[in-house]
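Enquirer: using only what follows, build the 3D model:
(one chain, ligands or ions: 1)
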Amino acid sequence: MSARRIAVIAGDGIGPEVVPAAIGCLDAVAAAHGFSLDWTELPWGSAYYRAHGRMMPLDGLDTLAGHDAVFLGAVGDPGIPDVETLWGLLIPIRRRFDQYVNLRPVRRLPGVRSPLAGTEPIDLVIVRENTEGEYSEVGGRVYRGRPEELAVQEAVFTRHGVTRVAAYAAEVAAGRRGELTSATKSNGIVHTMPFWDEVVRDTVAGAGGVRLRSELIDALAASLVLHPERYDVIVASNLFGDILSDLAGAVTGSIGCAPSANLNPPGRHPSMFEPVHGSAPDIAGQGVANPIGQIWSGALMFDALGEPAAARHLVAAFEAALDGGVRTRDVGGTATTTEMADAVRAHIGA
Ligand code: GGG
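Expert: Next up is the predicted model:
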């Protein structure tokens with residue numbers, strides 16, 4: 001039986017609740033498909049930060065390099081500045097391993113009622129640029145605490161970075177309805193967004209057969225709430241993609257169900273799989289967090305590991321569990337995290 005080496009960082013808040021719940025489901029599916037998962041548990045995150053003054057050890061990224069994938073829960077702690085938690089763990093991993101695509105599928109799931117949209121099927125994919133753009137350390141802050149204090153934050157968009165994420169999105173679109181929406185704000189942001197528009201347009205034109213539509217981010221956000229069924233594949237910058245994918249998750253019922261894959265060029269380095277949600281400190285420790293986003297992220301990991309049948313099996317199992325009426329509080333049910341995962345495992349079978 002072949003074993004895949006998976007680094008697991010449960011992280012903060014509800015991470016240590018949803019990650020073990022998901023691991024039980026992933027192990028069961030892997031066994032059913034003739035492979036196993038060799039988990040390396042890494043106790044990194046905010047507790048590590050309190051003890052050591054950093055989110056992970058100095059050689060943490062080298063440790064991850066020896067794995068086939070990284071399975072991450074959540075980061076964020078109300079007692080630690082967000083900039084420390086995100087830039088101390090998540091962003092260095094994305095950058096070191098060149099995880100330039102953040103793939104965020106959004107679907108209406110069986111048995112999950114959307115608070116906003118009607119009953120039409122919602123099935124779209126957000127392709128978020130993941131290594132540059134608005135997530136940049138270029139800038140500064142001067143005259144701290146004085147009336148004239150100011151802060152400058154630069155966004156960095158490169159031709160290489162925009163081209164490759166647009167090419168990836170075009171390829172995803174070509175395998176679906178052939179429609180790609182690009183999120184922009186070129187009416188207000190005068191340098192980076194016109195550049196984004198131009199590079200996306202040229203890249204998609206070169207891909208052939210994909211219809212490209214560019215929408216201003218504000219209008220796109222409103223339209224995604226009112227008519228999510230109109231969208232198929234959306235390509236967006238780092239910040240816009242982050243916001244749109246939380247929004248789209250909420251539109252389909254709960255951000256607790258939303259998965260993501262941080263992908264790098266094929267064959268290089270581990271990719272990373274994490275739910276879209278954060279550490280949710282308001283419900284941490286209560287055992288009520290929804291594990292579906294984490295489990296679904298595991299299905300994306302199976303796809304990336306070249307196990308598409310296992311991925312389909314896992315998705316079918318959590319859909320059947322939800323359809324059968326087992327749901328956590330965020331999607332209108334009463335199940336605990338463990339009960340939800342048990343229901344998924346029951347549908348995985350032997
Ligand atoms: N599930 C990972 C997590 O905790 N994400 C929280 C977060 O703030 N993410 C920001 C980002 O994805 O850039």
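Enquirer: what sits against the nearest residue to S2 once chain neighbours are set aside?
Expert: Excluding the flanking residues, the one nearest S2 by C-beta to C-beta, 6 or more residues apart in numbering is F35, at 4.9 Å. For every residue, glycine as well, the C-beta is placed using N, CA and C. By C-beta atoms under 8 Å, 6 or more residues apart in numbering, F35 lies in contact with M1, S2, A3, R4, E307, A310.
Enquirer: go with 7 Å
Expert: Contacts for F35 (C-beta atoms under 7 Å, 6 or more residues apart in numbering) come out as M1, S2, R4, E307.
Enquirer: cool, and V225?
Expert: Contacts of V225 (C-beta under 7 Å, 6+ apart): L116, L247, V251.
Enquirer: near the ligand, which residues of this structure are found?
Expert: A74, V75, G76, L86, D242, E274, P275, H277, G278, S279 (C-beta under 6 Å from any ligand atom).
Enquirer: number of residues surrounding the last one?
Expert: In other words, S279. As a burial measure, S279 scores 23 neighbours (other C-beta atoms under 10 Å).
Enquirer: contacting residues for it?
Expert: Here S279 is in contact with G11, D12, G13, I14, G15, A74, V75, G76, D77 (C-beta under 7 Å, 6+ apart).
Enquirer: what's the closest non-adjacent residue to the fifth one?
Expert: By that I understand G15. Leaving out its chain neighbours, the residue that sits closest to G15 by C-beta to C-beta, 6+ apart is G73, at 2.5 Å.
Enquirer: quick one: that neighbour and P20 touch, right?
Expert: No: contact criterion C-beta atoms under 7 Å: G73 and P20 do not qualify, at 9.3 Å.
Enquirer: the more surrounded of the two?
Expert: Comparing G73 with P20 by other C-beta under 10 Å, the one with more neighbours is G73, at 28 against 18.
Enquirer: my read is that one is in a strand, agree?
Expert: Yes: assigned with DSSP: H, G, I helix; E, B strand; the rest coil, G73 falls within a strand.
Enquirer: rewinding a little: show the buried residues in the residues of the chain next to the ligand.
Expert: A74, V75, G76, L86, D242, E274, P275, H277, G278, S279 (16 or more other C-beta atoms under 10 Å).
Enquirer: excluding its backbone neighbours, what's nearest the fourth one?
Expert: Meaning L86. V75 (6.5 Å).
Enquirer: my guess is that neighbour contacts A47. True?
Expert: No: here V75 does not reach A47: they are 11.3 Å apart, not a contact under C-beta under 7 Å.
Enquirer: what about the chain, any weak spots by pLDDT?
Expert: Applying pLDDT under 70 to the chain flags the ranges 117, 267, 350.
Enquirer: so where do the strands sit in it?
Expert: For the chain, applying DSSP state E gives strands covering 2-11, 35-41, 69-74, 101-107, 123-129, 139-142, 150-153, 179-184, 211-216, 233-236, 259-263, 271-275.
Enquirer: CA atoms of the fifth one as CSV?
Expert: So that's strand 123-129. In CSV, the C-alpha atoms belonging to strand 123-129 read as follows (Å, rounded to 0.1, in the frame of the first residue of the first chain):
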residue,chain,number,x,y,z
ASP,A,123,-21.5,25.7,-9.0
LEU,A,124,-18.5,28.0,-9.6
VAL,A,125,-14.8,28.1,-9.0
ILE,A,126,-12.8,31.1,-7.8
VAL,A,127,-9.2,31.2,-8.9
ARG,A,128,-7.4,33.5,-6.6
GLU,A,129,-3.9,34.8,-7.3
